[in-house]
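Student: Got a predicted structure here, sequence first:
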There are 2 protein chains.
Amino acid sequence: MATPLAAACCATVHTDALQDCEQQLPAAVVDRVAATFKALADPTRVRILYNLSNRELCVCDLAHVLQMTQSAVSHQLGYLRALRLVTNRREGNTVYYRHDDVHTLGLLQMAIDHATHTCPEASTGE
Amino acid sequence: MATPLAAACCATVHTDALQDCEQQLPAAVVDRVAATFKALADPTRVRILYNLSNRELCVCDLAHVLQMTQSAVSHQLGYLRALRLVTNRREGNTVYYRHDDVHTLGLLQMAIDHATHTCPEASTGE
DNA sequence: CTCCTATATGAACAAATGCTCATATATAGT
DNA sequence: ACTATATATGAGCATTTGTTCATATAGGAG
């Protein structure tokens, strides 16, 4: 079960365990997965995507709903846009954003559902 | 459609859009969701949880598989343990870790599946 | 053209993150 | 008791992150 082997930290390694771990994820996949979750790993971005899941919103509306600076919201929208999680549409002076990634939105709603059913306050808005 | 209103950034707000956004997520839910995703938002933690999804592993094995320092791995395991995403079991000198959160693991595998099917290299190990 | 409004963006800065290094703790063996 | 091994953890540090502030860009109205 435990065999001596040259290892990164200690002398004894479980070879059967390592055999099960021979099939590792490609680094590209790992990085992509981590980047996906990183996009959802911030309260502001969670709230932005949550609000965009209902309907299209302009930057001003989002800033008003989130009670945040236009600049802060715009920076985060730029971040989400670079990851192709949202798209924008310009109409005159205002720019409307909508979500553009069903998969990421699925992960978000999955986590929201679970957190809502686990949290003490389940359905209270705001 | 667009009505003048005291807003966070600009004078014009779409009141019908804001009505749709009246029902906001509780702050506790938002923070919990963001914290959940933050746990998965790092390549090292993704790889740790991925390897623990197959079988139980000790810190040494993980360090060997990930080619990382025992200290680095242990720090991340402590982080995951604090979030109750993994549990540990001591057997003599070695401590075995296993995953302990079906929900988070579901999110992870969902993202891995999607990333794998999207990435150029689909099934190549390592 | 000029002025105003809505959005985007660069610089700066405080806070958080992930690692390394050194050391502490825990268990086993002698 | 002492030593060795496996793991945990605090301090330090470089990098990243999320915001603010100031400013740039883009379009509409006059």
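Tutor: In hand now; what should we look at?
Student: Which secondary structure element of chain A has the lowest mean pLDDT?
Tutor: The helix or strand of chain A with the poorest confidence is strand A:3-4; it has a mean of 43 (mean pLDDT, DSSP states H and E).
Student: Look up how far residue A:55 lies from the closest residue to residue A:40 other than its chain neighbours.
Tutor: Distances taken as Cβ to Cβ, 6 or more residues apart in numbering or on different chains put residue B:37 closest to residue A:40, at 4.0 Å, once the chain neighbours are dropped. Heads up, the C-betas are built off the backbone N, CA and C, glycines and all. Distance, residue B:37 to residue A:55, using Cβ to Cβ, to the nearest Å: 23 Å.
Student: Could you check which of these two is surrounded by more residues?
Tutor: residue B:37 (24 against 15; other Cβ atoms under 10 Å in any protein chain shown).
Student: that's a helix at residue A:22, yeah?
Tutor: No. Secondary structure assignment places residue A:22 outside any helix; it is coil (DSSP: H, G, I helix; E, B strand; the rest coil).
Student: Neighbours of residue A:114, how many?
Tutor: Residue A:114: 18 neighbours (other Cβ under 10 Å).
Student: Hmm, I typed the wrong one, I wanted residue A:109.
Tutor: Neighbours of residue A:109 using other Cβ under 10 Å come to 14.
Student: which one is it nearest to, not counting chain neighbours?
Tutor: Residue A:109 sits nearest to residue A:53 (Cβ to Cβ, 6+ apart), 7.2 Å away.
Student: What are the contacting residues of the helix or strand where that neighbour lies?
Tutor: Here residue A:53, judged by DSSP states H and E, is contained in helix A:43-54. Contact with helix A:43-54 is made by A:39-40, A:57, A:62, A:65-66, A:68, A:72-73, A:76-77, A:79-80, A:85-86, A:97-99, A:104-105, A:108-109, A:112, B:20-21, B:24-25, B:27, B:30-31, B:33-34, B:37, as judged by Cβ atoms under 8 Å, 6 or more residues apart in numbering or on different chains.
Student: Among these, which lie within helices?
Tutor: A:39, A:62, A:65-66, A:72-73, A:76-77, A:79-80, A:104-105, A:108-109, A:112, B:20, B:27, B:30-31, B:33-34, B:37 (DSSP state H).
Student: And the residue of chain A that's closest to DNA strand D?
Tutor: residue A:10 (2.9 Å; Cβ to the nearest atom of the strand).
Student: tell me the SS of that residue?
Tutor: Per three-state DSSP, residue A:10 ends up coil.
Student: Please verify my assumption that it contacts residue B:69.
Tutor: No. With contact defined as Cβ atoms under 8 Å, residue A:10 and residue B:69 do not form a contacting pair (11.4 Å).
Student: Quick one: buried ones out of the contacts of helix A:43-54?
Tutor: A:39-40, A:57, A:62, A:65-66, A:68, A:73, A:76-77, A:79-80, A:85-86, A:97, A:99, A:104-105, A:108, A:112, B:21, B:24-25, B:30, B:33-34, B:37 (16 or more other Cβ atoms under 10 Å in any protein chain shown).
Student: Before I go, just wanted to say thanks for your time.
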